[in-house]
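S.K.: Generate coordinates for the sequence data below:
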Amino acid sequence: MAEPTDRAKPATIQVSVEHSEEIFADRADLFASIRGSSLVTGNAALTKAREVTQLVSDLKQCGIEDKDILLEGVYAEVSSGTLTKSSHATYQLKIHCSQLDNLANVLGAITSQKNTTLRYIQWDYPDTDKLREQWLVSCIEQANRKASLISQALGVQLMGVYSFRDSYADPESPRGPEYMMPTAGMQATRSKSRSSIGITREDLGMEVSHAKTIMLRVEVEYQVSGFKEQANGEPNRQHCDR
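M.R.: Numbers count the residues shown, from 1 in each chain. Predicted structure coming up:
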C-alpha cells in the first residue's frame with residue numbers, strides 16, 4: 001500500500017514487527033575440477049578421460065546417477081604450441097546431490113581423487129513461499145495487537161491503516177536490493193556459518209554452510225484520533241518500533 005502524498009498528514013502511530021527463521025538446505029550442487037593427462041572433448045570425457053571416469057565411477061558407488069553429473073567445461077593445456085589428444089586438460093564438473101544424508105560420501109569421493117579439487121558448494125533450499133505467507137499473516141496479526149495496546153495506553157482510537165510496507169531479507173537472494181534489509185541483525189546473519197557433517201575450512205580449504213536465516217519485516221502505520229495538537233497546529237505523530 002503506497003503512502004498518501006497529502007501534505008496534511010493525520011495523526012498516526014507506526015508499528016514494526018520482524019520474524020526470522022533458520023532454513024536448512026535439502027540438496028546441494030558440488031563443483032569440482034579434475035586435471036587429466038589426456039584431452040577428450042564433449043560429454044565423451046565422462047567415459048573416456050581416465051581421471052574423470054574414475055571419479056564418475058566412485059560417485060556412482062555413492063548413489064549419484066549419470067543425470068546428476070554434468071561436464072561444464074574442458075580447458076586444454078598447450079605447452080608445445082600443438083593441441084593433441086595427449087595434451088593435459090582440466091575438466092569442470094557439476095555434481096548434484098539430492099540427498100544431503102549422502103553428502104559425506106560424495107565429498108569423500110571427490111576429495112580422495114589425487115588430481116581433483118572441490119571448488120565450492122552451492123546449496124539449495126526448500127520452497128519458502130508458503131512459509132513467507134504464514135509469516136506475513138502472523139506479523140500483521142502481531143502488529144494489529146500491538147497497535148491496539150498502544151492506542152489504549154495512549155488514550156486514542158485506531159481509525160484504520162494509513163500505510164503498509166513489508167520487506168524480505170534473504171542473504172542468498174538473487175533479487176534486487178529491495179528484497180534486502182541492511183539491518184544489524186542481517187549483517188550478523190550473513191557472517192554466521194554452520195559447518196555440515198563435521199567438515200571444516202581446514203579439511204576442504206573452503207568454508208561450507210548448509211543453513212541460512214531469512215527475515216520478514218512488516219511496518220504498519222495506523223491513523224488514530226484523539227491526539228492533542230501541538231502549538232503550531234500540527235498533530236503529533238507517534239512511532240513505535242519493536
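
S.K.: Show me this structure divided up by domain.
M.R.: Listed domain ranges for the chain are 12-24+127-241, 27-124 (source: automatic domain parsing).

S.K.: Please convert those to TSV, extending it with mean neighbour count and mean pLDDT.
M.R.: Where C-beta positions appear, they are placed from N, C-alpha and C, glycine not excepted. Shown next, in TSV, are the domains of the chain (neighbours: other C-beta atoms under 10 Å; pLDDT from 0 to 100):
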stretch	mean neighbour count	mean pLDDT
domain 12-24+127-241	15	74
domain 27-124	16	87
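
S.K.: hey, where'd the strands end up in this protein?
M.R.: Secondary structure of the chain, counting by DSSP state E: strands at 12-24, 27-36, 69-76, 89-97, 116-124, 157-169, 211-225, 238-241.

S.K.: name the helices or strands packed onto the second one?
M.R.: This means strand 27-36. Contact partners of strand 27-36 among helices and strands, from 3 or more C-beta pairs under 8 Å, 6 or more residues apart in numbering; DSSP states H and E: helix 50-61, strand 89-97, helix 103-111, strand 116-124.

S.K.: Same question for the third one.
M.R.: Secondary structure elements in contact with strand 69-76, counted by 3+ C-beta pairs under 8 Å, 6+ apart, are helix 45-48, helix 50-61, strand 89-97.

S.K.: Next, format these as a markdown table and append distance to residue 21.
M.R.: Output for these, formatted as a markdown table (distance: least, C-beta to C-beta, whole Å):
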| stretch | distance to residue 21 |
| --- | --- |
| helix 45-48 | 40 |
| helix 50-61 | 33 |
| strand 89-97 | 24 |
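
S.K.: Tell me which of those sits nearest to residue 111.
M.R.: Among those, helix 50-61 comes nearest to residue 111, with 10.7 Å by C-beta to C-beta.

S.K.: just how off-centre is the closest one within its chain?
M.R.: Centroid separation for helix 50-61 versus its chain: 31 Å, with C-alpha atoms, centre = their mean, to the nearest Å.

S.K.: how about the CA coordinates for that helix, as CSV?
M.R.: The C-alpha coordinates for helix 50-61 follow below in CSV (Å, rounded to 0.1, in the frame of the first residue of the first chain):
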residue,chain,number,x,y,z
ARG,A,50,40.7,-41.7,-17.3
GLU,A,51,40.7,-39.4,-14.3
VAL,A,52,37.1,-38.2,-14.9
THR,A,53,35.9,-41.8,-15.5
GLN,A,54,37.4,-42.8,-12.2
LEU,A,55,35.6,-40.0,-10.3
VAL,A,56,32.3,-40.8,-12.1
SER,A,57,32.7,-44.4,-11.1
ASP,A,58,33.3,-43.5,-7.4
LEU,A,59,30.3,-41.1,-7.4
LYS,A,60,28.0,-43.8,-8.8
GLN,A,61,29.1,-46.1,-5.9
